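Novice: With the input below, show me the fold.
(one chain, ligands or ions: 1)
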Amino acid sequence: MLEGDIPLSGLPRFREAIHGFEFEEGAVCRVRLSFTMDSQRRRIVTGELRAPVDLECQRCMNAMRETLVSEFTLGLVTSDEQAQQLPKELEPFLTDDFSADLWSMCEDELLLVLPPFPLHARSECPAREDLEAYEADPEPAKPDTTSDENPFSVLAGLKTKKH
Ligand SMILES: [Zn+2]
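Specialist: Sure thing, here's the model as predicted:
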């Protein structure tokens, strides 16, 4: 069992993915990894990640604190051939030198749980009053009623004149 912290600032792809969002100075992803071997002598990694990040609510555009949580089970493989032989419940992770890829592996998993469209819980969103006002608007769009004249009556008139 391996437990530790990875500084979010040390994950360049993740930083890029949350571009425009912030995380606290010194924020870390808490990592817990277990390494086992199954009966087929496959190397298995079971992991749990927790990372606090500030995302931008797509309704009010304010920051929202979110803790990303990822749980995963990966089968370590050194070739595509091995990857294809993995049982379905195992996600393959291709690596030659496993120790060098731990951060990258955690980064991949964090990217997978990053919400594509983050929103505050409705009761907590500062934009909810605007939203409620918009939804409560009882006036349906009405057609223009200033003219009583049916445009087809003009056509009908033309038609009768012809004869
Ligand atoms: Zn919001």
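
Novice: switch to C-alpha atoms for all contacts and neighbour counts from now on
Specialist: OK.

Novice: Let's verify S39: helix, strand, or coil?
Specialist: Classification of S39 using DSSP: H, G, I helix; E, B strand; the rest coil returns coil.

Novice: Got phi/psi on it?
Specialist: phi -70, psi -20 (degrees, to the nearest 10).

Novice: Give me the distance between it and the ion.
Specialist: Between S39 and the ion the computed distance is 49 Å (Cα to the ion, to the nearest Å).

Novice: What is the neighbour count of that residue?
Specialist: Neighbours of S39 under the rule other Cα atoms under 10 Å: 6.

Novice: low-scoring pLDDT stretches of this protein, where are they?
Specialist: 19-24, 97-100, 137-163 (pLDDT under 70).

Novice: How about the residues of it by the ion?
Specialist: 57, 59-60, 120, 125 (Cα under 5 Å from the ion).

Novice: Could you identify which of the residues you listed has the most neighbours?
Specialist: Neighbour-wise, the residues of the chain next to the ion (other Cα under 10 Å) top out at H120, 22 neighbours.

Novice: Just the strands from the protein, written as ranges.
Specialist: Assigned by DSSP state E, the strands in the chain fall at 2-7, 28-37, 43-56, 63-77, 91-94.

Novice: JSON lines for those, including mean neighbour count?
Specialist: Below are these laid out as JSON lines (neighbours: other Cα atoms under 10 Å):
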{"stretch": "strand 2-7", "mean neighbour count": "13"}
{"stretch": "strand 28-37", "mean neighbour count": "16"}
{"stretch": "strand 43-56", "mean neighbour count": "19"}
{"stretch": "strand 63-77", "mean neighbour count": "18"}
{"stretch": "strand 91-94", "mean neighbour count": "19"}
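
Novice: just to revisit the earlier point, out of the residues of the chain next to the ion, which sit inside helices?
Specialist: Among those, DSSP state H puts none in helices.

Novice: That concludes my questions; thank you for your assistance.
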